[in-house]
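Asker: Need a 3D model of the following:
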Amino acid sequence: MRAATFCVAATAVCGLAGVCLAENLAATERFSGTVASFDFKGQYSNATLSVSGPNGFVASATAKSGAPSLDLSRQGSLEDGLYKYHIVAGTQKKAKGRSALDNGREHKSSEQQITASTSGTFRVKGGTIVRNQAVAEPSKGRKDQ
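Answerer: Reported below is the predicted structural model:
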């Protein structure tokens, strides 16, 4: 049983290793009021910005060229808390894919566009986006001193 489980896990890991063609996306955060936007450092296309937050908040925006921008207030009032964003975009680079089995049909190009992505967080306080700041932990001194 252990050998079978190991084989299944090893096959899954090896099979997925060739599927992920991604690199880091170079982007600068631009937060203003309730708008989350980014400046890309490089040429990217077909970008998608996804944001999730407290109590099931989910919003997304796309852009064929350039960086997408998202006004979070269009989804209603914003609750205070931590929000997460994820951006995925296509690069100018292409990677040669594995050749498919010969099924007797005309062969199509097996090149795939390499994508780039980045993720991060921001906070909303009082209905507007605020910069993330390190939260200082209270000192844990001994009470018997």
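
Asker: I'd like to know how many residues surround Y83.
Answerer: Look at Y83: counted by other Cβ atoms under 10 Å, it has 20 neighbours. C-beta here means a position set from N, CA and C on the backbone, and glycine is covered the same way.

Asker: residues contacting the closest residue to it other than its chain neighbours?
Answerer: In space, and not counting its chain neighbours, Y83 is closest to G53: 3.9 Å by Cβ to Cβ, 6 or more residues apart in numbering. Neighbouring residues of G53 by Cβ atoms under 8 Å, 6 or more residues apart in numbering: 78-79, 81-84, 124.

Asker: before we move on, what about V58?
Answerer: 50-52.

Asker: which one of those residues has the most neighbours?
Answerer: Neighbour tally across these (other Cβ under 10 Å): the maximum, 19 neighbours, falls on V51.

Asker: ok, back up a step: tell me the one among the contacts of V58 nearest to N132.
Answerer: Closest to N132 out of the contacts of V58 is V51 (14.3 Å), distances taken as Cβ to Cβ.

Asker: Let me know the secondary structure of that closest one.
Answerer: Under the three-state scheme (DSSP: H, G, I helix; E, B strand; the rest coil), V51 adopts strand.

Asker: I87 versus that one, what's the distance?
Answerer: Using Cβ to Cβ, to the nearest Å, we find V51 at a distance of 10 Å from I87.

Asker: returning to that earlier point: can you list which of the contacts of G53 are found in strands?
Answerer: Secondary structure from DSSP state E places 81-84, 124 of the contacts of G53 in strands.

Asker: how about those, which pair is most distant?
Answerer: Using Cβ to Cβ, those reach their maximum pairwise distance at K84 and V124, which is 11.7 Å.

Asker: Who has more neighbours out of those two?
Answerer: Between K84 and V124, counted using other Cβ under 10 Å, the more crowded position is V124 (20 against 12).

Asker: can you tell me which residues contact the nearest residue to the more buried one once chain neighbours are set aside?
Answerer: Nearest residue to V124, sequence neighbours excluded (Cβ to Cβ, 6+ apart): L78, at 4.8 Å. Residues near L78 by Cβ under 8 Å, 6+ apart: 34, 53, 57, 72, 124, 127-128.

Asker: Pick the one among these closest to A27.
Answerer: Within the contacts of L78, proximity to A27 (Cβ to Cβ) peaks at L72, which comes in at 17.4 Å.
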